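Give me a model of this one.
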Amino acid sequence: MSSPEPREDGLIPLDTRDVDRWIGKPLGGGRFKDPVATNDIRRWVQGMQNPNPLHFDEEYAAESRFGQVVAPQSFAVCTDTSHGAGPAIQGVIPGQHMIFGGDEWWFFGPRILPGDSITHDRMLYDYRVAETKFAGPTMFSRGDTTYINQRGELICKQRSTSVRYLAENARAMDMFAGNEERSWTDQQLEELEKKQMEYYQSFLDLGHDKRLFAKVGDKLPTRPIGPHSIASFTTEWRSYGMTVWGATVEYGESSTITAGWLPEMSRDLEGAKIDPANADGLYKGPSRGHVQPRYAQLIGMPRGYGYGASMGAWIIDYLTNWGGEWSVITHSNMQYRAPALTGDITYLDGEVIELGHDSASGVPVATIKVTMTNQDQAIMAIGTAELVLPAA
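Okay, the predicted model is just below:
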């Protein structure tokens with residue numbers, strides 16, 4: 001298979017021929033060897049900077065409707081071995097890299113508890129190619145991951161959008177030229193910490209009570225996260241169970257690992273037989289650009305950048321913390337437009353834009369618009385979610 005010739009503008013077209021054969025094909029990937037442990041959930045909320053005691057404090061959780069520590073709805077993606085994006089990274093495109101473009105979630109009711117074992121059904125759904133300011137010809141591919149517990153119950157379904165592009169094109173377009181890391185004064189950091197504590201207090205004040213009152217126009221409290229750093233991104237990465245040596249086993253067919261990554265961003269599977277760090281993604285592999293600036297710049301980013309799966313988790317946690325333990329997200333559809341970069345601060349804001357009732361049960365349903373921005377008001381993510389509120 002010959003490589004495409006450069007276009008008149010010097011950019012290289014995407015060769016998607018190997019992607020087509022994967023559409024609609026059941027996929028393998030990785031699965032965890034062990035059931036979910038309570039400390040897996042604790043590590044997750046710690047990495048996502050979500051100090052809701054329902055998910056880590058057994059005494060607090062014992063007084064909840066669950067009677068024990070329960071995973072937040074965002075935890076589902078932690079039970080997968082590719083952030084749920086594996087099905088959307090199928091087919092070889094030499095010289096490619098990928099970033100997250102969005103996630104759509106459907107939740108079906110069951111919650112994840114310590115002791116559960118989660119399996120997955122995976123499939124590439126579709127793709128399209130469009131021009132972007134970041135990398136010229138760019139693929140937006142969607143893949144589905146369905147999460148199933150040991151009782152055969154459907155927990156949720158994730159439709160993840162992967163943005164696949166040629167790193168060479170991204171470097172040539174240099175979209176992030178002049179984007180320097182922000183520094184913050186001690187006073188600014190103190191003010192930020194105060195706002196963070198106010199946000200945390202907002203869901204602690206609700207406690208185990210039901211959120212019985214909501215109206216169109218209600219604003220959710222702002223959630224600030226950051227400033228992001230190499231340390232915070234590394235903590236996030238290590239909260240994903242797939243990053244633990246020996247925790248997973250591969251099965252079935254999937255081309256995610258051999259999708260055409262640059263040599264510098266590929267896993268050394270042979271070397272990993274001696275030292276697993278050679279294939280853990282962070283030290284060597286596609287995720288090293290998140291915490292190693294030289295590799296971030298290799299794939300078109302200005303410096304260390306955050307994970308799309310974490311952005312999605314921040315949003316889901318934001319909504320469920322507001323709704324409280326008697327509420328549940330049934331559907332969420334978010335588009336990711338810009339990454340979190342080291343030195344940046346992320347802000348989450350939400351507004352109730354519609355109130356209705358579930359046609360089957362009659363319980364209230366709030367539709368909430370969520371906007372994620374950075375300190376410059378640049379939109380990082382935007383979308384809506386449906387949250388079932390408790391009946392009186």
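
element containing the residue positioned nearest the centre of the chain?
Closest residue to the average C-alpha location of the chain: A309 at 1.1 Å, with CA atoms, centre = their mean. Using DSSP states H and E, A309 sits in helix 308-323.

quick one, strands of this protein?
26-27, 29-32, 96-107, 119-132, 136-148, 154-166, 223-225, 248-251, 328-336, 346-357, 364-374, 379-388 (DSSP state E).

Which among the ones you listed is found nearest to D205?
Smallest distance to D205 across the strands of the chain (CB to CB): 14.7 Å, for strand 223-225. In short, each C-beta sits where N, CA and C put it, glycine included.

Residues contacting the closest one, please?
The contact list for strand 223-225 (CB atoms under 8 Å, 6 or more residues apart in numbering) reads 49, 192, 195-196, 199, 314, 318, 340, 345-349.

Nearest to C78, out of those residues: which one, please.
W314 (13.4 Å).

just to revisit the earlier point, TSV for the strands of the chain, including mean neighbour count, distance to D18 and mean pLDDT?
TSV is the format used below for these (neighbours: other CB atoms under 10 Å; distance: least, CB to CB, whole Å; pLDDT from 0 to 100):
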stretch	mean neighbour count	distance to D18	mean pLDDT
strand 26-27	16	15	96
strand 29-32	20	18	94
strand 96-107	23	11	97
strand 119-132	16	12	97
strand 136-148	22	12	97
strand 154-166	23	12	97
strand 223-225	23	38	98
strand 248-251	12	20	94
strand 328-336	19	25	98
strand 346-357	16	36	96
strand 364-374	20	34	97
strand 379-388	20	30	98
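
can I get those in JSON lines with distance to G304?
Shown next, in JSON lines, are the strands of the chain (distance: least, CB to CB, whole Å):
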{"stretch": "strand 26-27", "distance to G304": "30"}
{"stretch": "strand 29-32", "distance to G304": "25"}
{"stretch": "strand 96-107", "distance to G304": "13"}
{"stretch": "strand 119-132", "distance to G304": "21"}
{"stretch": "strand 136-148", "distance to G304": "22"}
{"stretch": "strand 154-166", "distance to G304": "18"}
{"stretch": "strand 223-225", "distance to G304": "15"}
{"stretch": "strand 248-251", "distance to G304": "25"}
{"stretch": "strand 328-336", "distance to G304": "17"}
{"stretch": "strand 346-357", "distance to G304": "14"}
{"stretch": "strand 364-374", "distance to G304": "14"}
{"stretch": "strand 379-388", "distance to G304": "15"}
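
of these, which approaches R43 most closely?
So among the strands of the chain, strand 29-32 is nearest, using CB to CB, at 13.8 Å.

any idea how far the nearest residue to R111 once chain neighbours are set aside is from E153?
With CB to CB, 6 or more residues apart in numbering as the measure, V70 is the residue that lies nearest to R111, at 5.4 Å, once sequence neighbours are left out. V70 sits 15 Å away from E153 when distances are taken as CB to CB, to the nearest Å.

Does K369 touch T384 like I think?
Yes. Using CB atoms under 8 Å, K369 is in contact with T384, at 5.3 Å.

Overlap in contacts, the two.
Counting by CB under 8 Å, 6+ apart, the residues touching both K369 and T384 are I353.

what does the longest helix anywhere in the chain contact?
The longest helix of the chain (DSSP state H) is helix 186-206. With contacts defined as CB under 8 Å, 6+ apart, helix 186-206 is touched by 51-53, 184, 221-227, 321-322, 324, 345.

Quick one, which of these are buried?
The neighbour-count test (16 or more other CB atoms under 10 Å) marks 51-53, 221-227, 321-322, 324, 345 as buried among the contacts of helix 186-206.

Where does pLDDT dip in the chain?
1-3 (pLDDT under 70).

go with 90
The chain contains residues with pLDDT under 90 at 1-5, 7-8, 10, 177-178, 213, 280-283, 285, 357-363, 391-392.

So for stretch 87-105, first residue to last residue, what's the gap.
15 Å (CA to CA, to the nearest Å).
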